[in-house]
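Colleague: Below is the sequence, then the predicted model.
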Amino acid sequence: MQKRALIIGATGIVGGNLAEHLLTLDDWHVTGLSRGRSALREGVESVTADLTSAESVSEALNGQHFSHVFFTAWARQATEKENIRVNGAMVRHVLDALGPTGKLEHAALVTGLKHYLGPFEAYGKGKVPLTPFREEQGRQDVDNFYYEQEDKVFEAAKKYGLGWSVHRPHTIIGFALGNAMNMGVTLAVYATLCKETGAPFVFPGSSAQWNSLTDMTDARLLARHLEWASTSPNARNEDFNVVNGDVFRWNWMWSQLAEYFGIEAAPFDGETRPLESRMQDAPRLWAEIAARFGLIEANVEKLASWWHTDADLGRPMEVLTDMTKSRKAGFLDYQSTPDSFFELFEKLKAAKVIPG
């Protein structure tokens, strides 16, 4: 029988790549629920709703049924308490609308490694577990909207008899524009600015990130992981880390990125130099570059998320993830992280997001 997927956040980096993956499979029908501000991929049915409103969600989903729901979106708020209130409610509103239909079989939730690190406003302030992070290490003793979202999924699973899965990627690399957490596109824009202006390609992060082992998650691999977990009995009612499967240090990767763009990586002197504080001229410079090369987006703020890349690269501790649980359950996919970057950059060039 055909599986019917509802993707919450189908225009984002995770949801968009998940939709693209499911559409390649014969037995999936794909619907995306969003605010309607961005176009969905061809082949994805559209539902528009305000996720923060129970009434709006209920109205939009009335009379519809889905076998699988994938939560791949969040709404950033000023404080973590507001993140908890808003993002937990978004999950609850969808599950309260779909659960009573009796058709929903599985709810998949995408969170991330802040499950182990704590939220942005309390980054690393709890007792951060030893690396590599493992699922059994559990929650930090701090407020975290990821935990609230999990709890809403668990409550609905118990109430409506659903299966569930929780997916914790590291920093995600993938094609998406206008995404709030997109290091790959951000670094492509930064490298392009450096190339076109002659500015040094300075690593913006911490010594800990420069020197420590780390890993990342390709959005395409995450899409396959979501589909696998939502259909595999071995993955039912489990939480999983999900990363590419290789490890690297930024003191090596930075030069690889520089070489791709034909620029020189500036020597790292140990000082953290966040992008957000150095990009005041980026809007003007990017508009000029876009005009010169005929790029599709002249507004750099719709491409780069300086703050998020600063947060990831500025972390004061090693961040590394264990994938044993997924491997033992049957998910064996692997993705080279350098290839993730380079394939993304080629796609950005082809789409005229950055100069070719």
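Modeller: All right, it came through fine.

Colleague: What is the helix or strand hosting residue 339 packed up against?
Modeller: Element membership of residue 339, judged by DSSP states H and E, is helix 337-350. Secondary-structure packing of helix 337-350 (3 or more CB pairs under 8 Å, 6 or more residues apart in numbering; DSSP states H and E): strand 172-173, helix 183-197, helix 250-261. The C-beta positions use only the backbone N, C-alpha and C, and glycine is treated the same way.

Colleague: Just the buried residues of it, please?
Modeller: Under the neighbour-count criterion of 16 or more other CB atoms under 10 Å, helix 337-350 has 337, 340, 341, 343, 344, 345, 348 buried.

Colleague: Now those residues in a markdown table, please, with extra columns for pLDDT and distance to residue 318.
Modeller: As requested, those are exported to a markdown table (pLDDT from 0 to 100; distance: CB to CB, whole Å):
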| residue | pLDDT | distance to residue 318 |
| --- | --- | --- |
| 337 | 98 | 16 |
| 340 | 98 | 20 |
| 341 | 98 | 21 |
| 343 | 98 | 26 |
| 344 | 97 | 25 |
| 345 | 98 | 26 |
| 348 | 97 | 29 |
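
Colleague: Pick the one among these closest to residue 134.
Modeller: residue 337 (20.4 Å; CB to CB).

Colleague: measure the closest residue to residue 111 other than its chain neighbours to residue 45 for me?
Modeller: With CB to CB, 6 or more residues apart in numbering as the criterion, residue 111 has its nearest non-adjacent residue at 4.1 Å, and that residue is residue 146. For residue 146, the distance to residue 45 equals 28 Å [CB to CB, to the nearest Å].

Colleague: Ok, residue 184 next?
Modeller: From residue 184 to residue 45 the distance is 28 Å (CB to CB).

Colleague: Contact partners for the nearest residue to residue 242 once chain neighbours are set aside?
Modeller: The shortest distance from residue 242 to any non-neighbouring residue, by CB to CB, 6+ apart, is to residue 225 (4.6 Å). By CB atoms under 8 Å, 6 or more residues apart in numbering, the residues touching residue 225 are 167, 240, 242, 326, 331, 333.

Colleague: Now do the SS call for the fourth one.
Modeller: Looking back up the chat, that one is residue 326. Secondary structure for residue 326, judged by DSSP: H, G, I helix; E, B strand; the rest coil, is helix.

Colleague: Can you give me the neighbour number for it?
Modeller: The tally of other residues near residue 326 (other CB atoms under 10 Å) stands at 24.

Colleague: likewise the fifth one?
Modeller: Other residues within reach of residue 331, judged by other CB under 10 Å, total 19.

Colleague: All the strands of this protein, in order from the start?
Modeller: In the chain, strands defined by DSSP state E lie at 3-8, 28-34, 45-48, 68-71, 106-110, 163-169, 172-173, 213-214, 217-218, 238-242, 248-249, listed in chain order.

Colleague: and the first one, which strands flank it?
Modeller: In other words, strand 3-8. Strand 3-8 has the following strand partners under DSSP bridges: strand 28-34 (parallel), strand 68-71 (parallel).

Colleague: And the residue nearest to residue 242, how far from residue 188?
Modeller: Taking CB to CB, one finds residue 225 at 24 Å from residue 188.

Colleague: can you check residue 53 too?
Modeller: Computed as CB to CB, the residue 53 to residue 188 distance reads 36 Å.

Colleague: Neighbour count: the two, which is higher?
Modeller: Between residue 53 and residue 188, counted using other CB under 10 Å, residue 188 has the larger neighbour count: 24 against 14.

Colleague: Identify the residues contacting that one.
Modeller: Listed by CB under 8 Å, 6+ apart, the contact set of residue 188 reads 344, 345, 348, 353, 354.

Colleague: Redo those residues as CSV? Include distance to residue 111.
Modeller: Shown next, in CSV, are the contacts of residue 188 (distance: CB to CB, whole Å):
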residue, distance to residue 111
344, 22
345, 27
348, 27
353, 28
354, 30
